[in-house]
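Chemist: can't give you the sequence, but here's the structure:
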């Protein structure tokens, strides 16, 4: 029978700080195991936590971006559970009084997903089960991540499809990256998603028993995991079985979710206020400071690029959402006097091609500065150089770091617009290609393009195409 899915998402986002949430240890990814630790993040007796103010700045910013109410007072709590990579035997988190509540996020489908809460917490360490000698069957613990600052963003159970869940996760990533809260690097684990999935027979029925799919770090895998879990639950229910509340993991190799452990309820964690931390008091002035520092959100920036720059919605979204740093690069090129449309075409074309050849995607690896690209497009738009020559100049700019104008002047690449010189070239081409002339006069218009190409070739690509076209047509009309 058909069922109505009910999906809620919990996104764990690592805050983009240089140090951990309660100590001064670094948060750099990839350091040798257990080299970024101290008595605080190791949970040694007597070590006291001190809250990282910048982590609070970023958490406030996330709350504002998601239209939450940021509360003046929030309380840190101990979430008690035993796991080998949790050195204290508890996690410092927030529970009854989180930092922010009551936000929203609109999806591309138009659906609005409520945000229940945003709370701050510390990350656990990492259990390493693989990558060692076959004879070594031990699990090893790396506590470098222990104490890394996180926010957990908990949605209302408003999501009704796997596709909408993936869209929610994607849009959340775009916002958090745009406002500088998170680096968006899901492969390194700095952004992860848990999905709570249940089914009910119709939209008016009570919610069913939910399962939690833990630690998914890909939009595609999140959609696949939820699709599988909905199908699995439907099969169990159709057979008269019972769904058990449990935590499951998604295996991207098989496309299946597998049972990990029974799912705890909140009371199982025995939350109580953290005795070593005072209540977090956030003043109205502090919130306003973060509001003023808030960068433009992706959706608003896309709309502005369309309205102010005349870009298509597709091109604007490519710059804002797809190419890391693309929107900032365009803004700098426009501020340097470049045309928005012309520079966009170069960014989406030649610049992106060069980045891909270098195995990079982000504009920080672009060897041509925004101002230099603006200079190149300006020369092209003024017909100083042709589009063909411009590509050659761009290659030289990328390889040498020299400016477009300097290259054009040094190598004599400026277009020839002198009608006498171009007229002589046209006459030579007509004399050398009588068959093409005959074809053109017989109505075969593609012969005209051939003759234009021959004229441009004779001028080594430096002729003004517009003038060549005008002179050639006039000469043919006179024959």
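Modeler: That came through, no problem. All values derive from a computational prediction rather than experimental measurement.
Chemist: near residue 61, how many other residues are there?
Modeler: Look at residue 61: counted by other Cβ atoms under 10 Å, it has 24 neighbours. All C-beta spots, glycine's among them, are computed from the backbone N, C-alpha and C.
Chemist: so what's it scoring on pLDDT?
Modeler: pLDDT, residue 61: 97.
Chemist: could you check how far residue 60 is from residue 26?
Modeler: Distance of residue 60 to residue 26, computed by Cβ to Cβ, to the nearest Å: 23 Å.
Chemist: can you check residue 457 too?
Modeler: Between residue 457 and residue 26 the computed distance is 59 Å (Cβ to Cβ).
Chemist: higher neighbour count, those two?
Modeler: residue 26 (15 against 12).
Chemist: how near is the more buried one to residue 149?
Modeler: Taking Cβ to Cβ, one finds residue 26 at 12 Å from residue 149.
Chemist: which residues are common contacts for these two?
Modeler: Counting by Cβ atoms under 8 Å, 6 or more residues apart in numbering, the residues touching both residue 26 and residue 149 are residue 20.
Chemist: flag the shaky bits of the stretch 351-479 of the chain, pLDDT-wise.
Modeler: Counting by pLDDT under 70, the stretch 351-479 of the chain shows low-confidence ranges at 415-421, 461.
Chemist: quick one, helices of it?
Modeler: 352-357, 370-381, 387-400, 404-411, 419-432, 434-441, 446-458, 465-478 (DSSP state H, counting those that start in this stretch).
Chemist: so which of the ones you listed is nearest residue 200?
Modeler: Across those, residue 200 has its closest neighbour in helix 352-357 (45.6 Å, Cβ to Cβ).
Chemist: pull out the buried residues from the closest one.
Modeler: 352, 354, 355 (16 or more other Cβ atoms under 10 Å).
Chemist: who touches it?
Modeler: Against helix 352-357 from outside (Cβ under 8 Å, 6+ apart): 323, 361, 362, 363, 365, 366, 367, 398.
Chemist: and which of these is nearest residue 190?
Modeler: Distances from residue 190 to the contacts of helix 352-357, taken by Cβ to Cβ, are shortest for residue 362, at 15.6 Å.
Chemist: give the burial count for the closest residue to the closest one other than its chain neighbours, as a bare number.
Modeler: Using Cβ to Cβ, 6 or more residues apart in numbering and skipping residues adjacent in sequence, the residue nearest residue 362 is residue 324, 3.7 Å away. The burial count assigned to residue 324 is 17, neighbours taken as other Cβ under 10 Å.
Chemist: just to be sure, which of the contacts of helix 352-357 are found in strands?
Modeler: Within those, no residue falls in strands by DSSP state E.
Chemist: show me what contacts residue 468?
Modeler: Residue 468 makes contacts with 422, 425, 426, 452, 455, 456, 459, as judged by Cβ under 8 Å, 6+ apart.
Chemist: list the contacts of the fourth one.
Modeler: For residue 452, the contacting residues are 465, 468, 469, 472, by Cβ under 8 Å, 6+ apart.
Chemist: hmm, 10 Å instead?
Modeler: Contact analysis of residue 452 by Cβ atoms under 10 Å, 6 or more residues apart in numbering lists 426, 429, 463, 465, 468, 469, 472, 473.
Chemist: for residue 92, state which of these is nearest.
Modeler: Of all those, residue 92 sits closest to residue 465, with 67.3 Å by Cβ to Cβ.
Chemist: ok, and the closest non-adjacent residue to that closest one?
Modeler: Using Cβ to Cβ, 6+ apart and skipping residues adjacent in sequence, the residue nearest residue 465 is residue 386, 6.1 Å away.
Chemist: and that neighbour, how far from residue 380?
Modeler: Separation of residue 386 from residue 380 (Cβ to Cβ): 8 Å.
Chemist: what's the answer for residue 158, then?
Modeler: In this view, residue 158 and residue 380 are 49 Å apart by Cβ to Cβ.
Chemist: got it, and residue 348?
Modeler: In terms of Cβ to Cβ, residue 348 sits 16 Å off from residue 380.
Chemist: compare those two (neighbour count), which wins?
Modeler: The neighbour comparison of residue 348 against residue 380 (other Cβ under 10 Å) goes to residue 380, with 22 against 18.
Chemist: go ahead and confirm the more buried one touches residue 392.
Modeler: No - counting by Cβ atoms under 10 Å, residue 380 does not reach residue 392; the two are 11.9 Å apart.
Chemist: any shared contact partners between those two?
Modeler: residue 386.
Chemist: over to the spatially closest residue to residue 222 that is not a sequence neighbour: give its phi and psi.
Modeler: Spatial nearest neighbour of residue 222, chain neighbours left out: residue 216 (4.6 Å); criterion: Cβ to Cβ, 6+ apart. Phi and psi for residue 216, reported as degrees, to the nearest 10, are phi -90, psi 130.
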